[in-house]
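Colleague: Following is a predicted model, sequence given first.
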Amino acid sequence: MDPQPTAEAETDDSLARPGESAWTDPPAAFPAAPAVFPAVPAVPPHSQPRPLARRLLAPVSTLAGVAAAFAYVGTVDPNEPGHYPVCPLLRFTGIYCPGCGGLRSAHAFVHGDLPAALGANALAVLGYGLFAVVMVLWLIRAVRGAPMRLAISPAWWWGIGAVLALFTLVRNLPFGSALAP
């Protein structure tokens with residue numbers, strides 16, 4: 001008959017050092033972890049804030065690029081054939097997409113003709129206003145040294161998509177011809 005196994009017999013002492021049991025307390029070099037961990041900041045603190053010119057580089061560069069694009073569209077008239085490519089959706093299907101008339105709208109907007117800009121693409125004019133608001137916020141935050149983060153929830157993206165789809169549908173129906181370019 002075999003003797004009953006003891007607790008010592010169930011442990012694997014083959015991995016322990018001679019004279020030690022495998023079930024020893026951890027050495028004092030590894031202190032116990034604190035019960036509550038301190039909050040880790042999302043952005044590591046900088047020893048010195050970045051210079052103002054460095055903080056303004058991204059928003060001013062973006063603004064310069066958009067201003068250059070508007071200057072080009074303001075100079076080269078999209079109402080003249082041959083200057084810009086035709087919308088592929090309009091060319092192959094005859095359906096106005098949400099962007100159709102956007103260049104004509106930008107051209108009229110640059111020249112200060114707001115009724116013509118709204119007539120070419122009202123949604124684009126709303127986009128110009130939204131862009132201006134975001135740029136002002138970005139510049140203010142850059143001057144103050146605060147980061148600019150736009151976090152848009154999926155519900156907003158679905159809402160934007162629904163507005164674009166509705167705009168496209170209405171401008172292609174007979175009663176929405178005022179929205180067609």
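Modeller: Received the coordinates, thanks.
Colleague: Can you tell me the closest non-neighbouring residue to the residue positioned nearest the centre of the chain?
Modeller: When C-alpha atoms, centre = their mean is applied to the chain, the residue found nearest the centroid is residue 150 (5.8 Å). Closest residue to residue 150 apart from its sequence neighbours, by C-beta to C-beta, 6 or more residues apart in numbering: residue 134 at 7.5 Å. Every residue, glycine included, has its C-beta placed from N, CA and C.
Colleague: The one you found: which element?
Modeller: According to DSSP states H and E, residue 134 maps onto helix 122-144.
Colleague: name the helices or strands packed onto that helix?
Modeller: helix 52-75, helix 102-110, helix 114-120, helix 154-171 (3 or more C-beta pairs under 8 Å, 6 or more residues apart in numbering; DSSP states H and E).
Colleague: highest average neighbour count across those helices?
Modeller: helix 102-110 (a mean of 22; mean count of other C-beta atoms under 10 Å).
Colleague: what's that helix in contact with?
Modeller: 70-71, 73-74, 77-79, 84, 114, 116-121, 124-125, 128, 181 (C-beta atoms under 8 Å, 6 or more residues apart in numbering).
Colleague: one more time with 7 Å
Modeller: 70, 73-74, 77-79, 84, 116-117, 120-121, 124-125, 128, 181 (C-beta atoms under 7 Å, 6 or more residues apart in numbering).
Colleague: Let me know the distance separating the residue nearest to the centre of the chain from residue 172.
Modeller: 31 Å (C-beta to C-beta, to the nearest Å).
Colleague: how far away is residue 75 from residue 164?
Modeller: 29 Å.
Colleague: quick one: least confident helix or strand in this structure?
Modeller: One helix or strand of the chain scores below all others by mean pLDDT, DSSP states H and E: helix 7-10, with a mean of 50.
Colleague: Count the neighbours of residue 99 for me.
Modeller: 18 (other C-beta atoms under 10 Å).
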